[in-house]
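What follows is a protein structure lacking sequence information:
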């Protein structure tokens, strides 16, 4: 961990390439519903923070049934195009499952703590290439406590933007060809042979053996590779990077969340297919991370209607935002030595 002075310099040198300046932000003095920092006032806050347990039961059931339906459809139709669509659909499944996992990390999936942790943290965590432990929740807390701060697990994932086109191309190719996925799998593989890490690594492999057992039981063990492992190794790594950058890429450390998190207008595909469960309302999520995902659209509307979120800080689409991530080489931020050993902490991946 770098000292405070060094980290402040890294923040100044490597972040904020796409963040609005403090002078560019519309002044916000608060409203009947919102405090000056955008957080909801007590009465509105109590309304927003109610956890919809029954709705989330449905979300969990749908997520658990989803792979069975996709694989059944691929086997039944058995057309080359169907297999391609099934591969992509399983890549999308990881976003759905890990969003519920993320919700449980905030203790917002179910109001019953035991059910929340067992379903979200353990079951969904194990299925989606996690170890079913509390590591993600603990690391993710640091992300929310101080975005781009000294303990931010994903500092280098969000830093240095905008970047040259060839740099972005290399990152996406590493994701698409499984290099990034291997880096995330490696700690579990190595952990089997390291004292003190074996139990956690064993939990990880137990989860995947459990999944493989289902494929084996239905007589199609080879589909574990094609419709489970490879979509996670490739499709989801690309999708996850693009999503993460849309949330915080190019932003900076600030007490004003409008400078730490991007706000992007969502279309049908982004909101309901690629970024389900209100993932796209990420600025609202960071202004108050205690609001369940089902209530984020309502909270986002209040932030817009009351003037905290304005058009000046809103990208018209994800495509428009992703274009801003790439700039000619002479306009990009000056490279510097990484602040952390890697691009991101594996425990922090499914935000």
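Cool, got the structure. Note that the coordinates shown come from a computational prediction; the quantities given were computed from them, not determined experimentally. Numbering: from 1, shown residues only.

Could you pull up the residues touching residue 289?
106, 144 (C-beta atoms under 8 Å, 6 or more residues apart in numbering). No exception for glycine: its C-beta is placed from N, CA and C like everyone else's.

Check it and give its pLDDT.
Per-residue confidence (pLDDT) for residue 289: 98.

Residue 55 now?
At residue 55, the pLDDT value in this model is 98.

quick one, what contacts the nearest residue to it once chain neighbours are set aside?
Leaving aside its sequence neighbours, residue 55 sits nearest to residue 294 (C-beta to C-beta, 6 or more residues apart in numbering; 5.7 Å). Residue 294 makes contact with 52, 55, 56, 278 under the criterion C-beta under 8 Å, 6+ apart.

again, but for residue 292
So residue 292 contacts 48, 49, 50, 51, 52, 56, 103, 108 (C-beta under 8 Å, 6+ apart).

mind checking how far it is from residue 78?
Distance from residue 292 to residue 78, counting by C-beta to C-beta, to the nearest Å: 40 Å.

Next: residue 131.
For residue 131, the distance to residue 78 - C-beta to C-beta - is 35 Å.

Compare neighbour counts for these two and give me the winner.
residue 131 (24 against 9; other C-beta atoms under 10 Å).

Give me the phi and psi for the more buried one.
phi -110, psi 10 (degrees, to the nearest 10).

Equivalent analysis for residue 34, please.
Main-chain dihedrals, residue 34, degrees, to the nearest 10: phi -120, psi 150.

tally of neighbours for it?
24.

Surely it and residue 41 touch.
Yes - assessed by C-beta atoms under 8 Å, residue 34 is found in contact with residue 41 at 6.6 Å.

can you pull the pLDDT of residue 349?
On the pLDDT scale, residue 349 is placed at 52.

Next, format the contacts of residue 292 as JSON lines and append distance to residue 123, neighbour count and secondary structure.
Below are those laid out as JSON lines (distance: C-beta to C-beta, whole Å; neighbours: other C-beta atoms under 10 Å; DSSP: H, G, I helix; E, B strand; the rest coil):
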{"residue": "48", "distance to residue 123": "27", "neighbour count": "20", "secondary structure": "helix"}
{"residue": "49", "distance to residue 123": "24", "neighbour count": "15", "secondary structure": "coil"}
{"residue": "50", "distance to residue 123": "24", "neighbour count": "12", "secondary structure": "coil"}
{"residue": "51", "distance to residue 123": "18", "neighbour count": "19", "secondary structure": "coil"}
{"residue": "52", "distance to residue 123": "19", "neighbour count": "16", "secondary structure": "coil"}
{"residue": "56", "distance to residue 123": "13", "neighbour count": "25", "secondary structure": "helix"}
{"residue": "103", "distance to residue 123": "13", "neighbour count": "24", "secondary structure": "helix"}
{"residue": "108", "distance to residue 123": "16", "neighbour count": "23", "secondary structure": "coil"}
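
Out of those residues, flag the one nearest to residue 237.
Within the contacts of residue 292, the smallest distance to residue 237 is 21.5 Å, found for residue 103 (C-beta to C-beta).

quick one, what contacts the closest residue to that closest one other than its chain neighbours?
The shortest distance from residue 103 to any residue other than its chain neighbours is 4.5 Å, reached at residue 109 (C-beta to C-beta, 6+ apart). By C-beta under 8 Å, 6+ apart, the contact list for residue 109 reads 51, 56, 60, 100, 103, 115, 116, 119, 120.

swap in residue 228?
Contact analysis of residue 228 by C-beta under 8 Å, 6+ apart lists 67, 90, 211, 215.

where's the spatially closest residue to the last one that is not a sequence neighbour relative to residue 239, distance?
What sits nearest to residue 215 in space, not counting adjacent residues and going by C-beta to C-beta, 6+ apart, is residue 224, at 4.3 Å. Remark: distance between residue 224 and residue 239 (C-beta to C-beta) = 20 Å.

what bits of this structure have low per-residue confidence?
The model of the chain has pLDDT under 70 over residues 1-2, 329-351.
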